[in-house]
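> sharing a model that was predicted from the sequence below.
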Amino acid sequence: GYGNLMALTSQGYLQTDPGQIAHVSWEYLAEHSNGLLALTGGLAGPVGRLLADGQGDHAKAALTRLAEMFPGRLYVEIQRHGLDDEARIEPALLDLAYGHDLPLVATNEVFFSAEDMFEAHDALLCIADGAYVSQADRRRVTPEHRFKSPEEMRTLFADLPEAADHTVVIAKR
């Protein structure tokens, strides 16, 4: 598993053109999936992006493909940062997970350690992108993109306790 993870990481960064987000092909992922667990990636993952774009059939196909690559090792990732698109696609993610008998996992994309670091992080994003805090059309995260305690995550996902439970299952695996 570790060797496959290193191969995927290396391929993603070494074979991606400068300025692009590191990625690997579906074929390369399939060739190097043994020994690895996979999460669907929330809103930024292939399933979430397709759902957000209104391409439900393609999202289902992507999930099926991932499930075939990672038999018994794929988790459908649910995130709640307060983003409209996350809330909009969550019902479809739940339907896909339950329809394919795949476990859910609650995750939180962390960009800073505590809520009081939000404004500083926001300013750093502006510096990195050459933007201004006052600009409406710029990269942003929310105050919810902070490190959350297990108790906060359990509260946030109280309606989906199995999603929080699966974080422990993944850690043990």
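Received it, and whenever you're ready, just let me know what you need.
> OK, contacts around the residue positioned nearest the centre of the chain?
When CA atoms, centre = their mean is applied to the chain, the residue found nearest the centroid is Gly41 (2.5 Å). Residues in contact with Gly41 (CB atoms under 8 Å, 6 or more residues apart in numbering) are 47-48, 77. Bear in mind the C-beta positions are built from the backbone N, C-alpha and C, glycine included.
> for these, which single residue is the most surrounded?
Counting neighbours by other CB atoms under 10 Å, Val47 leads these with 27 neighbours.
> would you mind listing the residues in contact with that residue?
So Val47 contacts 40-41, 59, 62-63, 66, 76, 93, 96 (CB under 8 Å, 6+ apart).
> can I get the contacts of Gly41 in CSV including secondary structure and pLDDT?
Converted to CSV, the contacts of Gly41 look like this (DSSP: H, G, I helix; E, B strand; the rest coil; pLDDT from 0 to 100):
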residue, secondary structure, pLDDT
Val47, helix, 98
Gly48, helix, 97
Glu77, strand, 98
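> reformat those residues as CSV; add distance to Val105.
Formatted as CSV, the contacts of Gly41 follow (distance: CB to CB, whole Å):
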residue, distance to Val105
Val47, 13
Gly48, 13
Glu77, 6
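> mind listing the strands for this protein?
For the chain, the strands defined by DSSP state E occupy 38-39, 74-79, 104-107.
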